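In: I'd like to go over a predicted model; first the sequence, then the structure.
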Amino acid sequence: MTDISFDAMMAVARQCLEIIRGINQLMEDDAEVALTAGEPLAAIESVLDAAYGHPELVRLSPPEVRKMANDPEFIELEPFREYLNT
């Protein structure tokens, strides 16, 4: 189990958002809305969607994202698990 507080998860989501700035406006907007709504996992999902196909961006993801993707508790990130671990 990945032990991460809500505030830490929000900080990670904000870091992720900076990675995709200017890459995909729609997903960037989705991530910003999710952050405003207090949904950091949804924001991270949007970022990973936008970064998919850009391995150089995925590599910039904070290590916490990989930890969460490998943790069954964060089922929302499971679709990205293999991609994050390559």
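Out: The structure has been received and is ready for your questions. Numbering: from 1, shown residues only.
In: Which helix or strand in this structure has the lowest average pLDDT?
Out: Sorting the helices and strands of the chain by mean pLDDT, DSSP states H and E puts helix 55-58 at the bottom, at a mean of 87.
In: Tell me the first helix or strand C-terminal of that helix.
Out: Per DSSP states H and E, helix 55-58 leads on to helix 63-69 as the next helix or strand towards the C-terminus.
In: Any chance you could give me the next helix or strand after that next one in CSV, C-alpha atoms only?
Out: Counting by DSSP H and E, the next helix or strand C-terminal to helix 63-69 is helix 81-84. Provided in CSV are the C-alpha atoms of helix 81-84 (Å, rounded to 0.1, in the frame of the first residue of the first chain):
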residue,chain,number,x,y,z
ARG,A,81,1.0,0.6,-14.8
GLU,A,82,2.9,-1.2,-17.6
TYR,A,83,3.6,2.1,-19.5
LEU,A,84,5.0,3.8,-16.4
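In: Tell me which other helices or strands helix 81-84 touches.
Out: In terms of contacts (3 or more CB pairs under 8 Å, 6 or more residues apart in numbering; DSSP states H and E), helix 81-84 is packed against helix 63-69. Using the backbone N, CA and C atoms, a C-beta is placed for each residue, glycine as well.
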